[in-house]
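>>> structure of the sequence below:
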Amino acid sequence: MERVSVLCLSLLLCSLSGAEHQDNEIKPEPQPCLSDLHAVLREMSAKLADLMIQQMQTLNQAQASELKSLKTRTNVTENQVESLRRDRAVGQVAFSASLLESGHGTLGPFNTHTTLVFKHVVSNIGKAYSPHTGIFTAPVRGAYHFEFYVFGSGGSPDSRVMLTKNGEHVFIAGETQSNGFGSGSNGASLLLEAGDVVFLHLHANRRIYDDGDHYSTFSGHLLFPM
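Prediction:
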């Protein structure tokens, strides 16, 4: 019995020793297969593609932002150019006209003050003077200069014309003599608001003469805007 027990114990110890030996042995590393390499390459390619797309999107956004900024600067420049062009156009106001469009003759006398319509227009820069009404309308606030010349045929009644601003008489020019032709002239520099009107009144019971030589005239121009 003792021998059997010793034999069993010996076999048990040997079994444990063999198992321990097997556990202490170095197991070889498993080698990657070809399919695993392909999977890794596919993953790297996908990540690289995503990175390139992100970089392109970032570049496109930067280019779009720069293009927008360039368009904004271009619009600002165009607006500045347009503003300068408008300012320059506003500063171009001048006209000159004579009384009769053709032929010769005398206007008046009338029993009331009458607006003279100078129909023969030789210049009307800015279109501020109307040859239909005889009225100049200031397009902008500024200093304007006007001149007018009156021609009379002598005798009675004489000639008298008034420069008028918004219905208020400013200066008068006239001609008085017993016979023969004569002339008179005057002028004024006026501060006008946009929309103010300037015209010439023929004084009541007076007359004025003009012919193809254009003796009786009305002129004006903008000196400078304010």
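
>>> what's the mean pLDDT across stretch 116-129?
Averaging pLDDT along stretch 116-129 yields 97.

>>> need the contact partners of it.
89-90, 92-102, 107, 131-139, 161, 199-202, 208, 214, 216-218, 220, 222 (Cβ atoms under 8 Å, 6 or more residues apart in numbering). Backbone N, C-alpha and C define where each C-beta goes, glycine included.

>>> following the chain onward from whichever strand or helix holds residue 65, which element is next?
Take DSSP states H and E as the rule and residue 65 turns out to sit in helix 34-90. Note on helix 34-90: by DSSP H and E, the next helix or strand toward the C-terminus is strand 94-98.

>>> I'd like to know which elements that following strand is packed against.
Here strand 94-98 touches strand 120-125, strand 217-225, going by 3 or more Cβ pairs under 8 Å, 6 or more residues apart in numbering; DSSP states H and E.

>>> what angle do strand 120-125 and that strand make with each other?
With axes from the mean of the first three to the mean of the last three Cα atoms, to 10 degrees applied, the angle from strand 94-98 to strand 120-125 works out at 180 degrees.

>>> circling back to that earlier point, for the helix holding residue 65, the distance to its chain's centre please.
Its chain's average C-alpha position is 28 Å from that of helix 34-90, according to Cα atoms, centre = their mean, to the nearest Å.

>>> next: stretch 161-170.
36 Å.

>>> first-to-last residue distance for it?
11 Å (Cα to Cα, to the nearest Å).

>>> cool, and stretch 153-165?
Stretch 153-165 end-to-end distance (Cα to Cα) = 27 Å.

>>> which parts of it are buried?
The neighbour-count check on stretch 153-165 (16 or more other Cβ atoms under 10 Å) flags 153, 158-165 as buried.

>>> picking up where we left off before, tell me which of the helices and strands packed on strand 94-98 approaches residue 58 most closely.
Nearest of the helices and strands packed on strand 94-98 to residue 58, taken as Cβ to Cβ: strand 217-225 at 50.6 Å.

>>> helices or strands up against that closest one?
Here strand 217-225 touches strand 94-98, strand 142-152, going by 3+ Cβ pairs under 8 Å, 6+ apart.

>>> can you give the distance of the shortest one from its chain's centre?
In this view, strand 94-98 has its centroid 30 Å away from the chain centroid, taken as Cα atoms, centre = their mean.

>>> only alpha carbons, please: show that strand as PDB.
In PDB, the C-alpha atoms belonging to strand 94-98 read as follows (Å, rounded to 0.1, in the frame of the first residue of the first chain):
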ATOM      1  CA  ALA A  94     -23.700 126.400 -66.800                       C
ATOM      2  CA  PHE A  95     -26.100 127.900 -69.400                       C
ATOM      3  CA  SER A  96     -26.300 130.800 -71.800                       C
ATOM      4  CA  ALA A  97     -29.300 131.800 -73.900                       C
ATOM      5  CA  SER A  98     -30.600 134.700 -75.900                       C
END
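
>>> so that it lines up with my notes, have the first residue be 51 from now on.
Right, with 51 as the first residue, what we last looked at is strand 144-148.

>>> now the angle between strand 192-202 and that strand, please.
Orientation of strand 144-148 against strand 192-202 (the same axes, to 10 degrees) gives an angle of 10 degrees.

>>> residues contacting strand 144-148, please?
By Cβ under 8 Å, 6+ apart, the list of residues contacting strand 144-148 reads 168-176, 178-179, 181, 186, 260, 264-272.

>>> hmm, 6 Å instead?
Applying Cβ atoms under 6 Å, 6 or more residues apart in numbering, the contact partners of strand 144-148 are 168, 170-175, 179, 264, 267-271.

>>> thanks a lot, catch you later.
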